[in-house]
Every structure is written in C-alpha cells, then in structure tokens.
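Engineer: sequence and predicted model, in that order:
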Amino acid sequence: MATVNRFEDLICFQKARELTKKVYGAFNGCRDSGFKDQIQRASVSVMSNIAEGFESGTRSEFINYLFIAKASAGEVRAQLYAAADIGYLNIETFKCLNALASECSKLISSFITRVKEGARGGTQLKHIVRKNPAEEIIKEFAPEVYERFHPKR
C-alpha cells in the first residue's frame, strides 16, 4: 500500500468534501438558519476531522478524529431525514445526499480498519536511536573490547 502524504489525497476526504459542497448547495435557499447552519457545520466537520486527524501525528489521535468524522457523517444523515420530513428537501435530493453521507461513513469506517492494521505509528512515534550509556563507557575506556563487538564497517 502506498503512503499518503497529504490528507487531500484520501478518498474519504474527497467524498466528504463533495458532501459538504452538495449540502451547502441544497440548503443555500433555506430560510431556517438554525437548521441550515447545523447541517452545514456537520458536513464541514466530516472533512475537517479527517484533515485534523491526518495532521495530528499519532495513529491513536488519527483514529479518534476519524471516529469523530464518522459520527458527523451520521449527524448529517439524521438531519437529512429531518429535512425530508419537514419538507426542506425533495426525495431525489434526499436520496442523493443520504447516499453520499452513507458512502462517507463506509469509507471512513474502512479507513479506520486500515489505519489500525497499519505498521506505521505516526510521525510523533518515530523511534529515536538512543545510545546505550554502558556501551559509551566501554567505547571510551576499553576501545579494544568495543571494537570486538562493533567492528568498523
């Protein structure tokens, strides 16, 4: 599996971005500013948490942010049901947005599994090569013993 260096390259981020764009478009003319604000914020939260987690540096933080992003996708879906029930959305728009939000959830869930299984721990957990103090003492005071176990290359 190739290493992804930018969150923009993640498929789940790209889908979340598409979801946000479509949610903003669908509710552009909505006069219920409280509802409009809430669903738009939830959609932005999906993509924002993917990005924030990616940039966090540790696997555990990344996974936590991915779960938050997945929860926000669920929030969007719940609000879409309310929007359809209230009459803010027609059935075609509801189906389109709901399918996109569901796809985001599935992609994030699948990605969480992959991140959990991955070998890399994150940039903050790179192993630091530490010198053994005993080895340093031997090297300084008994170089012939040190050389026997650590020949020069």
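Structural biologist: Done, it's in.

Engineer: use CA for all of it now, contacts and neighbours both
Structural biologist: Fine.

Engineer: report the contact partners of the residue most central in space within the chain.
Structural biologist: Computing the C-alpha centroid of the chain and ranking residues by C-alpha atoms, centre = their mean puts residue 50 first, at 3.0 Å. Residues near residue 50 by C-alpha atoms under 8 Å, 6 or more residues apart in numbering: 7, 12-13, 62, 65-66, 69.

Engineer: does residue 88 touch residue 28 like I think?
Structural biologist: No. Under the criterion of C-alpha atoms under 8 Å, residue 88 makes no contact with residue 28, lying 11.0 Å away.

Engineer: what about these two, which has more around it?
Structural biologist: Ranked by neighbour count (other C-alpha atoms under 10 Å), residue 88 and residue 28 place residue 88 first, with 21 against 12.

Engineer: any idea of the pLDDT on that one?
Structural biologist: What the model reports as pLDDT for residue 88 is 97.

Engineer: what does residue 143 give?
Structural biologist: 70.

Engineer: swap in the one 5 residues further on?
Structural biologist: According to the prediction, residue 148 has pLDDT 71.

Engineer: residue ranges with poor pLDDT in this protein?
Structural biologist: Flagging of the chain using pLDDT under 70 yields the residue ranges 1-2, 119-141, 145-146, 149-153.

Engineer: let's see 50
Structural biologist: Across the chain, the ranges flagged by pLDDT under 50 are 125-130.

Engineer: just to revisit the earlier point, which of the contacts of residue 50 tops the neighbour count?
Structural biologist: Busiest of the contacts of residue 50 [other C-alpha under 10 Å] is residue 69, holding 31 neighbours.

Engineer: can you tell me how far that residue is from residue 55?
Structural biologist: Distance of residue 69 to residue 55, computed by C-alpha to C-alpha, to the nearest Å: 14 Å.

Engineer: same thing with residue 64?
Structural biologist: 12 Å.

Engineer: one more: residue 62?
Structural biologist: Residue 62 is 8 Å from residue 55, by C-alpha to C-alpha.

Engineer: do the same with residue 99
Structural biologist: In this view, residue 99 and residue 55 are 28 Å apart by C-alpha to C-alpha.

Engineer: likewise residue 83?
Structural biologist: Going from residue 83 to residue 55 by C-alpha to C-alpha gives 33 Å.
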